[in-house]
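In: Structure here, sequence nowhere to be found:
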């Protein structure tokens with residue numbers, strides 16, 4: 001348990017914010033879900049590389065999914081694994097599989113949407129649990145990966161602010177927390193649309209740049225007085241320090 005508490009302190013700097021809900025803005029003509037393809041994000045703080053994330057989006061007429069792996073450098077060598085799938089016609093989440101590991105400890109949470117409920121079960125360090133969370137159209141999942149926030153932003157009117165309902169999964173416990181968040185459009189920068197997400201009192205805001213195919217090109221997670229954690233989509237990232245967590249091939 002002591003090791004798990006240390007893991008919790010390490011993961012607090014990762015940040016996690018999001019939202020989605022009944023007060024949804026009117027739809028626009030852009031993609032509702034990120035387009036199929038693979039990519040990676042270089043993670044940094046104050047200009048220093050601190051990690052890397054790789055992901056793959058697949059889609060058919062009746063199925064959409066994203067699978068990814070995030071590794072944070074440093075003594076804890078934190079790793080996050082995720083899989084999220086959705087109905088491409090409605091954009092609604094159908095299920096999720098999230099895992100976090102560091103220092104020999106691991107935790108896994110899985111969820112399936114059944115009607116008006118998201119049925120969730122967790123296992124690993126910290127103990128097991130089962131929970132049912134109310135679900136309504138427009139709700140989405142919050143997890144510290146740009147692809148999760150993209151699900152809420154892709155079908156949004158770029159000129160309209162909104163308050164949205166989100167089910168947040170914070171590492172390391174990954175216990176679901178339901179919040180209302182504010183999403184504020186901040187105009188365009190080149191081909192990207194910019195947004196600011198305020199997940200609620202006491203939670204760090206997130207700045208996000210959304211590309212034309214629904215993939216975030218940049219995410220900035222503010223951490224109070226500390227330097228923000230930035231994720232930048234790039235074809236190449238700095239090599240990890242020796243002994244850091246290894247990523248599978250893209």
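Out: Received it, and whenever you're ready, just let me know what you need. Just so it is clear, the structure is predicted and the values come from calculations on it, not from any experiment. Numbering: from 1, shown residues only.
In: Downstream of the biggest strand by length in the chain, the next helix or strand is which one?
Out: The residue-count maximum for a strand in the chain (DSSP state E) belongs to strand 176-189. Counting by DSSP states H and E, the next helix or strand C-terminal to strand 176-189 is strand 192-198.
In: For the next helix or strand after that next one, what is the distance to the chain centroid?
Out: Counting by DSSP H and E, the next helix or strand C-terminal to strand 192-198 is strand 206-210. Going by Cα atoms, centre = their mean, to the nearest Å, the spacing between the C-alpha centre of strand 206-210 and its chain's C-alpha centre is 12 Å.
In: which other helices and strands contact strand 206-210?
Out: helix 146-153, strand 192-198, strand 216-223 (3 or more Cβ pairs under 8 Å, 6 or more residues apart in numbering; DSSP states H and E). For the C-beta atoms, the positions are set from N, CA and C on the backbone; glycine is no exception.
In: Out of the ones you listed, which gets nearest to residue 96?
Out: helix 146-153 (9.1 Å; Cβ to Cβ).
In: Show residues contacting the closest one.
Out: 17-20, 33-34, 41, 53, 55, 57, 66, 68, 82, 84, 86, 91, 93, 140-142, 164, 166, 183, 193, 195, 197, 206, 208, 210, 214-216, 219, 231, 233 (Cβ atoms under 8 Å, 6 or more residues apart in numbering).
In: Filter the residues you listed down to the ones in strands?
Out: When those are checked against strands (DSSP E), the matches are 41, 53, 55, 57, 66, 68, 82, 84, 86, 93, 140-142, 164, 166, 183, 193, 195, 197, 206, 208, 210, 216, 219, 231, 233.
In: re earlier: can you add mean neighbour count and mean pLDDT and give the helices and strands packed on strand 206-210 back as CSV?
Out: Formatted as CSV, those follow (neighbours: other Cβ atoms under 10 Å; pLDDT from 0 to 100):
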stretch, mean neighbour count, mean pLDDT
helix 146-153, 25, 84
strand 192-198, 19, 89
strand 216-223, 21, 92
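In: Need those in TSV (columns: distance to residue 62).
Out: Shown next, in TSV, are these (distance: least, Cβ to Cβ, whole Å):
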stretch	distance to residue 62
helix 146-153	17
strand 192-198	28
strand 216-223	25
